[in-house]
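# sequence first, then the predicted structure, then my questions.
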Amino acid sequence: MNWILLIIAGLFEVGFASCLSKAKETTGMASTYWMGGFFVCLSISMILLYKATQVLPIGTAYAVWTGIGAVGTVLVGIFIFKEPATFWRIFFLSTLITSIIGLKFVSSH
């Protein structure tokens, strides 16, 4: 269950990073709404990360959380914001995913 909470926390990290990017691109009320989304996603992500770390080792949980956020944010950038999907970006994204999976398997919980 704690791994599920951690994965959801990582997905909300993608949400707050994406909202922050959209807030930067907009003005007025639209920017305010995106910042609201940022704070909601940030709060949910932090609460779930906190709950997961009550059982999971903090080093592993934090690395997995940031990894999910990083991978997800890069994928949102590529698919939603039309950022380039170069060979090296995909290569290093793949190594990051492999590392996240490896940390999960070597964790004692």
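That came through fine.
# contacting residues around the helix or strand containing Ile4?
With elements delineated by DSSP states H and E, Ile4 resides in helix 2-25, which encompasses its position. By C-beta atoms under 8 Å, 6 or more residues apart in numbering, the residues outside helix 2-25 that reach it are 31, 34-35, 37-39, 41-42, 44-49, 51-52, 54-56, 61, 64-69, 72-73, 76-77, 80-81, 104, 109. In this view, the C-beta of every residue, glycine as well, is placed from N, C-alpha and C.
# go again using 6 Å as the cut-off
Residues from elsewhere that reach helix 2-25, judged by C-beta atoms under 6 Å, 6 or more residues apart in numbering: 31, 34-35, 37-38, 41-42, 44-45, 48-49, 51-52, 55-56, 61, 64-65, 68-69, 72-73, 76.
# give me the buried subset of those residues.
In the contacts of helix 2-25, burial by neighbour count holds for 34-35, 37-38, 41-42, 44-45, 48-49, 51-52, 56, 61, 64-65, 68-69, 72-73, 76, counting by 16 or more other C-beta atoms under 10 Å.
# can you tell me how far the residue nearest to the spatial centre of the chain sits from Gly28?
The geometric centre of the chain, computed from its C-alpha atoms, lies nearest to Gly69 (C-alpha atoms, centre = their mean), at 1.7 Å. Gly69 sits at a distance of 28 Å from Gly28 (criterion: C-beta to C-beta, to the nearest Å).
# Gly77 sits in which helix or strand?
Assigned by DSSP H and E, Gly77 belongs to helix 58-79.
# oh sorry, the question was meant for Val55
Val55 is located outside every helix and strand, with elements delineated by DSSP H and E.
# as a quick check, tell me the outermost residue of this protein.
In the chain, the greatest distance from the average C-alpha position (C-alpha atoms, centre = their mean) is reached by Gly28, at 26.4 Å.
# dump the residue contacts of it.
Under the criterion of C-beta under 6 Å, 6+ apart, the contact list for Gly28 is empty.
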